[in-house]
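**Q** A structural model of the following input is requested.
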Amino acid sequence: MSAGNIRNEAVVAAYSWTHPRPDPEPVQLPRISEVFGIDAFGVRQMEQRLPKSIYKQLRRTLEQGEPLTPEIAEVVAAAMKEWAIDGGATHYAHWFQPLTGATAEKHEALSIPDGRGGTIHALSGSELVKGEPDASSFPSGGLRATFEARGYTAWDPTSPAFIVRGPNYATLVIPTAFVSWTGVALDQKTPLLRSTEALSKHALRILRLFGRAAGVSRVITTAGCEQEYFLVDENLYHARPDLLTCERTLFGAKPPKGQQMEDHYFGSIPPRVLAFMADVERELYRVGVPVKTRHNEVAPSQFEIVPLFEPVNVASDHQMLVMETLRRVACRYQMRAILHEKPFAGVNGSGKHNNWSIATDTGVNLLDPRGDAHANIQFLVFLTAIIRGVDLYADLLRSSVASASNDHRLGANEAPPAIMSIFLGEVLGDVVNQLEQGTLSRTLKGGALDLGVTTLPRLPRDVGDRNRTSPLAFTGNKFEFRAVGSSQTVAWPNAVLSTIVAESLDVIATELEAAVGPSPSPEKLRDAVLPLLQRLTTQHKRVLFNGDSYSAEWHAEAERRGLPHMRDCLTAIPALGAPKNMALLEKYSVLSRAEVESRVHVFMEKYAKELLIESEAMVLIARQLILPAAIEQQTRLASAVASCVGAGVECKTTKASLESFIALTARFSETLDALDEADNQHIADAAEHARYMKAKVAPLMADLRKLGDELETRIPADLWPLPSYRELLFIQ
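**A** Have a look, this model is predicted:
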């Protein structure tokens, strides 16, 4: 069977899903209130199953950070085990986030034979608290060698365990951190938890100065992550080796219609997709993930799911669970969920907008200006700390979202540029201007919108507009970090945000404590705070920008201001190891020098490997699928010319088509050979390999794609071996 026939069969199979089918029998679904959290070992389950004294001690661990004793762990393990077995679980798994960017797990049986024809239920306190995976089999950047394999997973009691179900299995999943035998962090969660501790410590110092620390044990960061993704029919997906291998199309001519009509965003959700979304939400509700919003995104076949805010480490775990659930459930509907940042050229890519805030454990949002922002000096302290942190560590923040896949997205019309800046809007922008001038007298108000129709309500209007071009935008009581890629974990970007803000809070608290003492009067504190904030605002206001971050004028202005513009991974990743950034991460015990250096190595190595996989996949697709189709078309054209000549018919146009097609095919073949040769270079050093791939291989990939896409427009559909963009994006 020819490649063209395989492709056409895939299109026919995919198209059959879009035809009307008889309505299925109505299913009586349970209420969401009956489903939510039923497979999560949360506070309600703990309260029901634990002795009251143990439950109270565990709550102090969860809410106040008290150490977890072995005695408590033993009782919790017994209760969790019985709960899981009652829920049908047969195995448990420590679930963690290694530096691969994905999750990892090893399943252990909850019940084992007792040797007498029965079973023993097995999950001890020590097994709950600690697991032992092979640390040398994960990326470590040299921290672990093959002969140094021991690693540990450590239970994170602040993130609820949950049960994952399949057709014939149920597994208790226990969120954990992952460290080596020597104690160094080999995962994404450990630095996240460390950074939260650092921010809490110094935020509490600020609250004590303002007399607002009573009853507050900890300050936490919260996150709500908007996940964008594409859905592609399974038959078409399997007919595209590039999607199967790389999760992005390496070839694909621009279709007549893409997103230029702007009719997909918030449009009517296709029935098949809506059924999938409902199934995803129900699964996430069962494990306690508070998803709230679903809608079509801008690009055709692109969609979004949004959860509510949670403590940042729980949000990070739940975000990984969202991605896994999207992928798993899509298969039930003969679709594939694609989380790559730029799966299709010429249409919007996907991000993961990270909505980040700071709150006390008593529920007070410290980034909520609460009415008159100019009069809320405590809020202005936290705001100034963020401005200072982003300005001083813009390169570190940019490096936290660096990946080969995100390089395709940052700076395009669906993502912020690689220049880190802050959008405050008109209200806070005006307050900051007043602060710089040394006088705080007003907070702008938005008023109301009269829509000119008596039956429509008057709408309260926000003072400022939103800015979707900004990497870090203030949106009322939080900051939206829009540069995070759709396929990456949010743990590391949030760890960086917390650390740079912790450092600024430390600096501010230290200066204020020296100036006014531990318990100043409100007047004395205000007299000390305002000059300090005025100075810091003046020093760091260059990072503030309320305009169009896509514009060439802003890029030029940012350069004049001295803001770093790290356009790709080769400049962004090494910034993690810059002396000032390494000193910051060491000072606040987020990462040691060795842990920083290992991550630079791992991230550079991953970048090079991703490009190598893509380039080798391009070579195979080009050589095995596209070039044979081009040669067949060339043969058809030659046969047509020969027939015309044999019949004595003039055929200048056909001859010209043949000649130009032969020339195009020859250029394609020559570029293919050059890329194939470039791939076969062995370079041991990770950074040098990454630079080589960027300088030598990536341009050849771009050239080969351009020629391949031109061939697609000139080869008949019955010969072209790959499903087209038209089919991939519009068969839903």
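
**Q** Could you use CA atoms for every contact and neighbour count after this?
**A** Noted.

**Q** so how many other residues sit close to residue 121?
**A** Counted by other CA atoms under 10 Å, the residues lying close to residue 121 total 16.

**Q** Residue 626 now?
**A** Residue 626 has 26 neighbours, counted by other CA under 10 Å.

**Q** separation between it and residue 12?
**A** To residue 12, residue 626 is 21 Å away according to CA to CA, to the nearest Å.

**Q** can you check residue 612 too?
**A** 33 Å.

**Q** low pLDDT regions in this structure?
**A** 1-3, 17-28, 145-147, 411-414, 446-451, 454-456, 458-465 (pLDDT under 70).

**Q** Which stretches in the stretch 451-600 of the chain count as helices?
**A** Here the stretch 451-600 of the chain has its helices, by DSSP state H, counting those that start in this stretch, at 491-516, 522-540, 552-561, 569-575, 579-587, 593-621.

**Q** among those helices, which is nearest residue 150?
**A** Nearest of the helices of the stretch 451-600 of the chain to residue 150, taken as CA to CA: helix 593-621 at 16.8 Å.

**Q** Can you name the next helix or strand after that closest one?
**A** Next helix or strand after helix 593-621 toward the C-terminus (DSSP states H and E): helix 627-646.

**Q** Format the CA atom coordinates belonging to that next one as CSV.
**A** Taking C-alpha atoms only, helix 627-646 is exported to CSV below (Å, rounded to 0.1, in the frame of the first residue of the first chain):
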residue,chain,number,x,y,z
LEU,A,627,11.1,12.2,-1.7
PRO,A,628,9.4,9.0,-3.1
ALA,A,629,6.2,11.0,-3.6
ALA,A,630,8.1,13.7,-5.4
ILE,A,631,9.9,11.2,-7.6
GLU,A,632,6.5,9.6,-8.5
GLN,A,633,5.1,13.1,-9.4
GLN,A,634,8.2,13.8,-11.4
THR,A,635,7.6,10.5,-13.3
ARG,A,636,4.0,11.4,-13.9
LEU,A,637,5.0,14.8,-15.4
ALA,A,638,7.8,13.2,-17.5
SER,A,639,5.3,10.7,-18.8
ALA,A,640,2.9,13.5,-19.7
VAL,A,641,5.6,15.4,-21.6
ALA,A,642,6.7,12.2,-23.4
SER,A,643,3.0,11.5,-24.4
CYS,A,644,2.6,15.0,-25.7
VAL,A,645,5.9,14.9,-27.7
GLY,A,646,5.0,11.4,-29.0
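
**Q** now for it, which elements pack on it?
**A** Applying 3 or more CA pairs under 8 Å, 6 or more residues apart in numbering; DSSP states H and E, one finds that helix 627-646 contacts helix 652-679.

**Q** Now the following helix or strand past the helix it packs on: buried residues?
**A** Following helix 652-679 in sequence order, the next helix or strand is helix 686-692 (DSSP H and E). For helix 686-692, the neighbour count (16 or more other CA atoms under 10 Å) marks 686-687, 689-692 as buried.

**Q** Export these to CSV and append columns for distance to residue 471.
**A** Output for these, formatted as CSV (distance: CA to CA, whole Å):
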residue, distance to residue 471
686, 29
687, 27
689, 29
690, 26
691, 26
692, 29
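
**Q** With respect to residue 230, which of those is nearest?
**A** Using CA to CA, the buried residues of helix 686-692 come closest to residue 230 at residue 690, 28.2 Å.

**Q** List the contacts of the closest one.
**A** By CA atoms under 8 Å, 6 or more residues apart in numbering, residue 690 lies in contact with 570, 604-605, 607-608.

**Q** For ChimeraX, what selects the buried ones among the residues you listed?
**A** To isolate the buried members of these in ChimeraX, using 16+ other CA under 10 Å:
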select :570,604,605,607,608
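
**Q** Including distance to residue 255, could the contacts of residue 690 go into TSV?
**A** Below are the contacts of residue 690 laid out as TSV (distance: CA to CA, whole Å):
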residue	distance to residue 255
570	32
604	34
605	35
607	30
608	30
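
**Q** among the contacts of residue 690, which two are most distant?
**A** Across the contacts of residue 690 (CA to CA), the longest gap, 11.0 Å, separates 570 and 605.

**Q** From residue 100, how far off is residue 726?
**A** Distance from residue 726 to residue 100, by CA to CA: 33 Å.

**Q** now residue 114
**A** When distance is defined by CA to CA, residue 114 is 38 Å away from residue 100.

**Q** Settle it for me: which of these two has more neighbours?
**A** When residue 114 and residue 100 are compared for neighbours, residue 100 comes out ahead with 17 against 10, by other CA under 10 Å.

**Q** nearest spatial neighbour of that one, skipping sequence neighbours?
**A** Closest residue in space to residue 100, ignoring its immediate chain neighbours: residue 139 at 6.5 Å, by CA to CA, 6 or more residues apart in numbering.

**Q** Secondary structure class of the one you found, three-state.
**A** When classified by DSSP: H, G, I helix; E, B strand; the rest coil, residue 139 comes out as coil.

**Q** Spatially nearest residue to residue 710 (excluding sequence neighbours)?
**A** Counting by CA to CA, 6+ apart, residue 710 lies nearest to residue 253, which is 7.0 Å off, once chain neighbours are set aside.

**Q** can you tell me which residues contact the one you found?
**A** Counting by CA under 8 Å, 6+ apart, residue 253 has contacts 709-710, 712-713, 724-725.

**Q** Could I have the PyMOL command that selects the buried members from the residues you listed?
**A** In PyMOL, this line selects whichever of these come out buried by 16+ other CA under 10 Å:
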select buried, resi 709+710+712+724+725
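
**Q** Pick the one among the contacts of residue 253 closest to residue 182.
**A** residue 725 (49.8 Å).

**Q** so what's the closest one up against?
**A** Residue 725 touches 252-255, 344, counting by CA under 8 Å, 6+ apart.

**Q** same check, this time on residue 156
**A** 174-177.

**Q** what's the answer for residue 671, then?
**A** Counted by CA under 8 Å, 6+ apart, residue 671 has contacts 700, 703-704.

**Q** Please repeat the previous calculation with a cut-off of 10 Å.
**A** 619, 665, 677, 700-701, 703-705, 707 (CA atoms under 10 Å, 6 or more residues apart in numbering).

**Q** I'd like to know which of the residues you listed are buried.
**A** 619, 665, 700-701, 704-705, 707.

**Q** For residue 538, see how far away the residue nearest to residue 710 is.
**A** Shown here: residue 253 relative to residue 538, a distance of 49 Å by CA to CA.

**Q** Kindly report the same for residue 588.
**A** Between residue 588 and residue 538 the computed distance is 26 Å (CA to CA).

**Q** who's more crowded, these two?
**A** Each of residue 588 and residue 538 has its neighbours counted (other CA under 10 Å); residue 588 has more, 18 against 14.

**Q** I figured the more buried one was touching residue 192, is that so?
**A** No - here residue 588 does not reach residue 192: they are 11.7 Å apart, not a contact under CA atoms under 10 Å.

**Q** what is in contact with those two at once?
**A** 198, 499.

**Q** hmm, back to that, the more surrounded of residue 612 and residue 12?
**A** Neighbours were tallied for residue 612 and for residue 12 using other CA under 10 Å; the higher tally belongs to residue 612 (20 against 13).

**Q** In space, what's closest to the more buried one - neighbours in sequence excluded?
**A** Spatial nearest neighbour of residue 612, chain neighbours left out: residue 679 (6.8 Å); criterion: CA to CA, 6+ apart.

**Q** and what of residue 726?
**A** Of all residues not flanking residue 726 in the chain, residue 255 sits nearest, at 5.5 Å (CA to CA, 6+ apart).
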